[in-house]
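**Student:** Here is my input, please return the structure:
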Amino acid sequence: MGEIDAFVEGKKVLLLGFGREGRSTYRVLKASAACRELAVADLEEGQVKAFREKDPETAWIWGADYQKDLDRYDLVFKSPGVVLEKPADRYQCRILSQTEVFFRLFGQQIVGITGTKGKSTTTSLIYHVLKSAGRKALLAGNIGIPAFDHMDEVDKDTEIIFELSCHQLEHMSVSPHVALLLNIHEEHLDHYGTMEAYVAAKQQIYRNQKEGDLLICGSGCLPASGVCPSKLIKAVDLGENGEYKEGMDRHTLWVAGSCIYWDGFSFPIPKGEIQLMGHHNYVDIGFAYVVCKLKGISDQAFAQGLKTYEPLPHRLHFLGEKDGIRYYDDSISTICDTTIQALNTLKDADTVLIGGMDRGIHYGELIEYLSGSTVSHIILMEATGKRIYQEIQKDYPEFQRLNRLVLAEHLEEGVMKAKALTEKGKSCVLSPAAASYGIFKDFEERGDAFRRLVFGEAVFAG
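**Tutor:** Model prediction:
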């Protein structure tokens with residue numbers, strides 16, 4: 001833990017936010033004892049109550065004014081979920097994060113992955129393949145594992161696979177040695193206000209790279225000329241029915257159907273032997289393939305790791321069959337594109353449940369897709385479901401088969417209607433294209449509620 005001392009020695013330090021990452025930083029700083037003064041601030045009293053009784057030496061702050069006195073401190077460790085009340089450069093204190101410190105200590109060993117969608121799958125897949133091949137690897141970051149919790153496990157041979165959210169990247173002044181930017185879609189506009197601000201946060205993954213670093217980047221979000229000094233590998237998705245042709249740039253990553261092409265290699269994805277479903281997952285596999293090849297993993301070892309990889313929950317996850325209907329949980333879906341991907345993958349989908357918290361994203365792309373889709377029942381829930389329904393009625397007079405639209409107040413009612421409407425022998429999928437906040441704690445809780453409602457294990461009290 002001694003590596004942290006250089007950042008906090010003799011300083012007055014505030015931990016801003018006391019969730020999972022904040023508590024992780026607290027444990028490290030208490031063990032270090034290098035701070036001159038330590039304080040913890042959180043909006044909710046419940047986050048700090050149990051700790052303040054056991055640790056009277058630390059200053060505990062909570063309530064609506066928890067960000068009032070940040071400039072009283074030399075250094076503020078901000079948790080990713082905390083939104084600063086003014087721009088970071090308007091504070092006199094130094095705004096830092098656990099991720100920033102970890103990257104400054106181990107940046108040359110880190111593969112950092114971000115993107116609107118697919119980052120958790122890509123991150124966990126790379127980690128799984130490396131571990132399966134006998135490498136020493138560490139999984140950390142936005143995937144739910146605070147980096148400080150495992151610092152003592154890192155040595156010079158450790159491969160660190162780190163998932164990065166836009167909130168973790170937003171104030172970063174250092175980038176990973178190998179950076180993956182998978183894609184950027186409209187998301188988090190409730191926090192960033194504009195798409196430009198959201199894109200700028202994502203671009204932090206490469207903005208501080210140096211010569212000798214590497215960026216593997218989706219073709220839809222490539223850096224402007226001269227912005228990124230590192231080596232660039234462009235990733236191009238040729239589509240589910242696309243074809244790679246001889247003479248195409250061998251330094252580009254190409255994903256054509258279920259085959260990956262890069263640097264003279266061609267890797268056919270053993271799609272009948274793996275659990276990852278859908279072309280969008282094949283693109284994620286393509287990114288993972290390049291990273292693993294660069295790490296010296298053979299095609300045989302990559303294929304073996306791919307076959308033993310178990311997909312993360314709530315990502316187009318098959319829950320099981322009940323009363324002749326197959327149910328899929330895609331609760332991770334919070335944007336139009338992921339719901340479209342889910343329905344393109346599940347060719348027999350008869351019912352889809354859509355809707356959640358309204359963050360102001362545009363639903364025109366999804367509405368147009370649904371109009372031409374073969375899905376028989378489109379159950380629209382919560383604020384976004386109502387909004388989509390109203391927009392169709394008002395702005396899409398040519399929407400095909402309006403009688404497919406079914407309004408439901410909450411998930412409980414939506415599942416009840418799905419059970420009654422879905423044709424036996426076909427599939428029903430929860431793919432909300434909306435956030436869960438304000439209704440559920442997170443998308444995991446929403447997916448768990450869906451499973452319980454489908455299989456009769458509980459009643460949602462929404």
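**Student:** Can you mark which positions in the worst-scoring helix or strand of the chain on mean pLDDT are buried?
**Tutor:** Least confident helix or strand of the chain, by mean pLDDT, DSSP states H and E, is helix 189-192 with a mean of 76. For helix 189-192, burial by neighbour count (16 or more other Cβ atoms under 10 Å) applies to Tyr192. In this view, the C-beta of every residue, glycine as well, is placed from N, C-alpha and C.
**Student:** Who are the packing partners of it?
**Tutor:** Secondary-structure packing of helix 189-192 (3 or more Cβ pairs under 8 Å, 6 or more residues apart in numbering; DSSP states H and E): helix 195-207.
**Student:** let's go with 6 Å and repeat that
**Tutor:** Helices and strands touching helix 189-192, by 3 or more Cβ pairs under 6 Å, 6 or more residues apart in numbering; DSSP states H and E: there are none.
**Student:** How far off centre is stretch 115-123?
**Tutor:** Put simply, stretch 115-123 sits 5 Å off its chain's centre (Cα atoms, centre = their mean, to the nearest Å).
**Student:** Also stretch 164-175?
**Tutor:** 13 Å.
**Student:** and what of stretch 101-112?
**Tutor:** On Cα atoms, centre = their mean, the centre of stretch 101-112 falls 19 Å from that of its chain.
**Student:** what does stretch 165-180 give?
**Tutor:** With Cα atoms, centre = their mean, you get 13 Å for stretch 165-180.
**Student:** Can you give me the buried ones in it?
**Tutor:** Buried residues in stretch 165-180 (16+ other Cβ under 10 Å): 165-172, 174-180.
**Student:** if we can go back for a sec, can you list contacts of the least confident helix or strand of the chain?
**Tutor:** Tyr198, Arg359, Gly360, Ile361 (Cβ atoms under 6 Å, 6 or more residues apart in numbering).
**Student:** Drop anything exposed from those.
**Tutor:** Tyr198, Arg359, Ile361.
**Student:** any chance of those residues in a markdown table, plus pLDDT?
**Tutor:** As requested, the buried ones among the contacts of helix 189-192 are exported to a markdown table (pLDDT from 0 to 100):
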| residue | pLDDT |
| --- | --- |
| Tyr198 | 91 |
| Arg359 | 85 |
| Ile361 | 86 |
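**Student:** ok, of those residues, which one's closest to Asn403?
**Tutor:** Of all those, Asn403 sits closest to Ile361, with 26.2 Å by Cβ to Cβ.
**Student:** Quick check: Gly81 vs Glu44, distance?
**Tutor:** 11 Å (Cβ to Cβ, to the nearest Å).
**Student:** meant to ask about Met195
**Tutor:** 30 Å.
**Student:** Which of those two has more residues huddled nearby?
**Tutor:** For Met195 versus Glu44, neighbours defined as other Cβ atoms under 10 Å are more numerous around Met195 (16 against 12).
**Student:** Whichever helix in the chain runs longest packs against which elements?
**Tutor:** The longest helix of the chain (DSSP state H) is helix 279-294. Helices and strands touching helix 279-294, by 3+ Cβ pairs under 6 Å, 6+ apart, are helix 119-132, strand 253-256, strand 259-262.
**Student:** For Glu382, see how far away the nearest residue to Gly360 once chain neighbours are set aside is.
**Tutor:** Excluding the flanking residues, the one nearest Gly360 by Cβ to Cβ, 6 or more residues apart in numbering is Leu189, at 5.0 Å. Counting by Cβ to Cβ, the separation of Leu189 from Glu382 is 17 Å.
**Student:** Just the CA atoms of stretch 349-369, as CSV, please.
**Tutor:** C-alpha atoms of stretch 349-369 as CSV (Å, rounded to 0.1, in the frame of the first residue of the first chain):
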residue,chain,number,x,y,z
ALA,A,349,-39.0,-13.1,-30.5
ASP,A,350,-42.8,-12.7,-30.2
THR,A,351,-42.8,-10.2,-27.4
VAL,A,352,-40.4,-7.4,-26.2
LEU,A,353,-40.7,-5.4,-23.1
ILE,A,354,-39.5,-1.8,-23.5
GLY,A,355,-39.3,1.2,-21.1
GLY,A,356,-37.8,2.7,-18.0
MET,A,357,-36.5,6.1,-16.8
ASP,A,358,-36.6,8.8,-19.4
ARG,A,359,-33.2,10.4,-19.9
GLY,A,360,-34.1,12.4,-23.0
ILE,A,361,-32.5,10.1,-25.6
HIS,A,362,-34.1,10.0,-29.1
TYR,A,363,-36.2,6.9,-29.9
GLY,A,364,-36.8,7.5,-33.6
GLU,A,365,-34.3,4.7,-34.7
LEU,A,366,-36.0,2.1,-32.5
ILE,A,367,-39.5,3.2,-33.5
GLU,A,368,-38.7,2.8,-37.2
TYR,A,369,-37.1,-0.6,-36.5
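**Student:** Fine by me, thanks again.
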